[in-house]
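# Below is the sequence, then the predicted model.
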Amino acid sequence: MKTTGDFERKQKISGEEKFKIAPFKKKLKKTKPHKHGDYYELIYIESGQGFHWIETERYPIRPPELYFLQPGQLHCWQFTEIPDGYVCLFKTGFFDALGDGRLIELLEMIDGKHRIPLRDEAFIRSIFQDLYHTYQSKSEFARDKILGNLRVLFAKILSHQSQELTDGLKNDSIFVQFQKMLVLHCPKIHTVKEYAQLLHTSPQNLNAVCRKNSPFTANEMIIDQILLESKRYLLYTDRNIGEISELMHFNDASYFVKFFKKHESITPHKYRQQYFQ
């Protein structure tokens, strides 16, 4: 593998290959920051939890969602639950013959393109499944079918993103800001009331905004973020339960253990143990 500066450069498409798709490996995965070669990466996350760093942004993984990475972008993963989904790699040359490179240009111009939350999950899942099975089949018309599916997929993403930009609603802005604040202030802040104050809105409105833009209440999103942060320390550090409890801003370790077990049906110790037996 080649390196660029201090960062590893991975080249997952070799030789004359211009398209590749594979399912996520069914295991916990923590990668070092790395860059990819001269290809794009479209990632579909159907399930799993953890974090995805792209350049300087850290995204809590909240399936179902897509990630779109351009050539040379720095990123890394830190999963706290085994992921499921697909990774699709392609070069612009795969489209050039039919002039579909314009679709990629449009995708690159979309605001917030790195992470794309999904609404029509079943439709997106079916496209990725068909892409994978067609790629595996190596049939005579596989390339044409793959191109057709990618056109539909890109059009769906563009349509969704265009609608998001057109809406421009204040409530959507509150939801985006709340997501950013969760990353910045969690686990120091535990309550909907405190986040609502930071956002200059009421707890009731914040909950309504979260319900409108996601399947969860604001409190459920806070709990989810605390659990994600807790799992990160349990899996990737040697800190004991008491130390992690303090880092999560719980008054004592026993309350942290009760909180974790209530939402995960397992104690923090057993959660850590099941991956390191």
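Sure thing, it's come through. Numbers count the residues shown, from 1 in each chain.

# what's the burial count for Ala122?
Around Ala122 there are 8 other residues, counting by other CB atoms under 10 Å. (C-beta placed from N, C-alpha, C; glycine too.)

# From the contact counts, what lies against the host helix or strand of it?
If you go by DSSP states H and E, Ala122 is part of helix 121-137. On a contact count with 3 or more CB pairs under 8 Å, 6 or more residues apart in numbering; DSSP states H and E, helix 121-137 meets strand 19-23, strand 40-54, strand 74-90, helix 142-167.

# what's the closest of the ones you listed to Lys270?
Of all these, it is strand 74-90 that lies closest to Lys270, at 14.7 Å by CB to CB.

# after the closest one comes which helix or strand?
According to DSSP H and E, the helix or strand after strand 74-90 is helix 93-96.

# packing partners for that next one?
For helix 93-96, the packing partners by 3+ CB pairs under 8 Å, 6+ apart are helix 101-109, helix 142-167.

# what's the least confident stretch among those?
Per-stretch mean pLDDT for those is lowest at helix 101-109 (a mean of 61).

# So in that sheet, which strands flank the following helix or strand past that helix, and in what orientation?
Following helix 101-109 in sequence order, the next helix or strand is strand 115-117 (DSSP H and E). Using DSSP bridges, the strands paired with strand 115-117 are strand 65-69 (antiparallel).

# The partner strand vs helix 121-137, what angle?
Interaxial angle, strand 65-69 versus helix 121-137 (axes from the mean of the first three to the mean of the last three CA atoms, to 10 degrees): 50 degrees.

# List the buried residues for strand 65-69?
Glu65, Leu66, Tyr67, Phe68, Leu69 (16 or more other CB atoms under 10 Å).

# what's the answer for stretch 130-139, then?
Asp130, Leu131, Tyr132, Thr134, Tyr135.

# for those, which one is nearest Lys258?
Among the buried residues of stretch 130-139, and counting by CB to CB, the member closest to Lys258 is Tyr132, at 42.0 Å.

# List the contacts of that closest one.
In this structure, Tyr132 makes contact with Ile21, Ala22, Pro23, Tyr86, judged by CB atoms under 8 Å, 6 or more residues apart in numbering.

# Leu247 too?
Neighbouring residues of Leu247 by CB under 8 Å, 6+ apart: Pro187, Glu229, Tyr233, Arg239.

# ok, now how distant is it from Arg62?
Look at Leu247 and Arg62: by CB to CB, to the nearest Å, they are 22 Å apart.

# same deal with Lys261?
Taking CB to CB, one finds Lys261 at 23 Å from Arg62.

# what about these two, which has more around it?
Neighbour tally, Lys261 and Arg62, criterion other CB under 10 Å: the higher count belongs to Arg62, 19 against 14.

# Assign that one to helix, strand or coil.
Using DSSP: H, G, I helix; E, B strand; the rest coil, the structure places Arg62 in coil.
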